[in-house]
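[1] predicted model follows, preceded by the sequence.
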Amino acid sequence: MIKVLPYNKITGLTVTRGSKRVINGLSLEFLPGQIHVILGPGGSGKTTLLKLLTNQKGLESFEVEGKILQTVDKYIHMTQYIDKPSDSLNNKIKDDESSLYVKQLWGDQNQVVVKRLFDHLDTPMDVLPKELIKLAQFTYSMQKASTSEWLFFDEPEVNTGDYMTNIAAVINSYRKGRIIIVNTHNIEFARLLADRILLLVYGEPKFVGPSEEFFNSEDPMIQNVLKFGI
């Protein structure tokens, strides 16, 4: 039986589904003002962990033991896809606000993204180039981020092409006073963001700690991950 605690900590979290152990004995703490990156191959338990933290549906068949932080009301889970892909950003964001919002979100350091999005504010998203579809989805989804205490991102860099560093810059700009959790397979994206890293390998927490320790680790398994990727 899971025990819910009123602070940002997980202790001894074990999740099973049938005979499969999805997460095994995970303990970690989430610190405000820091970005926590969850690394691991597909099927390692990353998405299951996000679902637990955001109290999503779809976990009815899972058995959960251990202690977990109190789920929070003010959060945004950034896997939000556009429900009507034929819509444009101008249709999803009020016309008189869209240009200002795009400028504020991306900032002066990301003018190349602002220009490309401005060129396509009225273009249906389903006919945009793949990387612009993801940028438009990200832009639309971030509208509620300023009022959220927690931000959860599930592989936000996928299909963004050369704009991965721009995505990282925006996420970094929201760190103050918030807890940010990012799922990714991408080592270089993790380098751009992480204050702390959790490495999950098929449910087993192989590393939990500061990113500096992870990227300078002499552990052979971590060295292989850094060299060959996940």
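    The structure has been received and is ready for your questions. What you see is a predicted model; the values in this text were computed from it and never measured.

[2] tell me how far the residue most central in space within the chain lies from Ile222.
    Central residue of the chain (C-alpha atoms, centre = their mean): Phe153, 1.8 Å from the mean position. Phe153 sits 23 Å away from Ile222, going by C-beta to C-beta, to the nearest Å. For the C-beta atoms, the positions are set from N, CA and C on the backbone; glycine is no exception.

[3] re earlier: what pairs with the host helix or strand of the residue nearest to the centre of the chain, parallel or antiparallel?
    According to DSSP states H and E, Phe153 maps onto strand 150-154. Based on DSSP bridges, the pairing partners of strand 150-154 within the sheet are strand 75-78 (parallel), strand 179-184 (parallel).

[4] looking at those, which has the lowest confidence?
    For the strands paired with strand 150-154, mean pLDDT drops lowest on strand 75-78, to a mean of 60.

[5] C-terminal to that strand, what's the next element?
    Downstream of strand 75-78, the next assigned helix or strand under DSSP H and E is helix 89-92.

[6] that next one: how far from the chain's middle?
    23 Å (C-alpha atoms, centre = their mean, to the nearest Å).

[7] please put the alpha-carbon coordinates of that helix into PDB.
    The C-alpha coordinates for helix 89-92 follow below in PDB (Å, rounded to 0.1, in the frame of the first residue of the first chain):
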ATOM      1  CA  LEU A  89      -1.400  28.900 -32.900                       C
ATOM      2  CA  ASN A  90      -3.500  31.900 -33.500                       C
ATOM      3  CA  ASN A  91      -6.600  29.700 -33.100                       C
ATOM      4  CA  LYS A  92      -5.300  28.100 -30.000                       C
END
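
[8] in stretch 130-140, what counts as buried?
    132-140 (16 or more other C-beta atoms under 10 Å).

[9] my read: the residue nearest to the centre of the chain touches Asn172, true?
    No: the criterion here is C-beta atoms under 8 Å, and Phe153 misses it with Asn172 at 11.8 Å.

[10] which segments of the protein make up each domain?
    In terms of domains, the chain is parsed into 2-74+149-228, 89-140 (source: automatic domain parsing).

[11] ranked by average pLDDT, which of those domains falls at the bottom?
    Among the domains of the chain, domain 89-140 scores lowest, at a mean of 80.

[12] start to end distance for that domain?
    End-to-end distance for domain 89-140: 7 Å, by C-alpha to C-alpha, to the nearest Å.

[13] over to stretch 11-22?
    End-to-end span of stretch 11-22 (C-alpha to C-alpha): 16 Å.

[14] just the buried residues of that stretch, please?
    13-16, 21-22.

[15] which residues sit against that stretch?
    23-27, 45, 48, 52, 61-68, 203 (C-beta atoms under 8 Å, 6 or more residues apart in numbering).

[16] just the buried subset of these, written out for PyMOL, thanks.
    Typed into PyMOL, the line below selects the buried ones among the contacts of stretch 11-22, using 16+ other C-beta under 10 Å:
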select buried, resi 23+24+26+45+48+52+62+64+66+68+203
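
[17] residue contacts, Gly209?
    Gly209 sits in contact with 196-197, where contact means C-beta under 8 Å, 6+ apart.

[18] would you map the helices across this structure?
    Listed in chain order, the helices of the chain (DSSP state H) span 46-53, 89-92, 95-106, 111-118, 130-141, 164-173, 187-193, 211-215, 220-228.

[19] for the third one, packing partners?
    Using 3 or more C-beta pairs under 8 Å, 6 or more residues apart in numbering; DSSP states H and E, the elements in contact with helix 95-106 are helix 89-92, helix 111-118, helix 130-141, helix 164-173.

[20] understood, closing this out.
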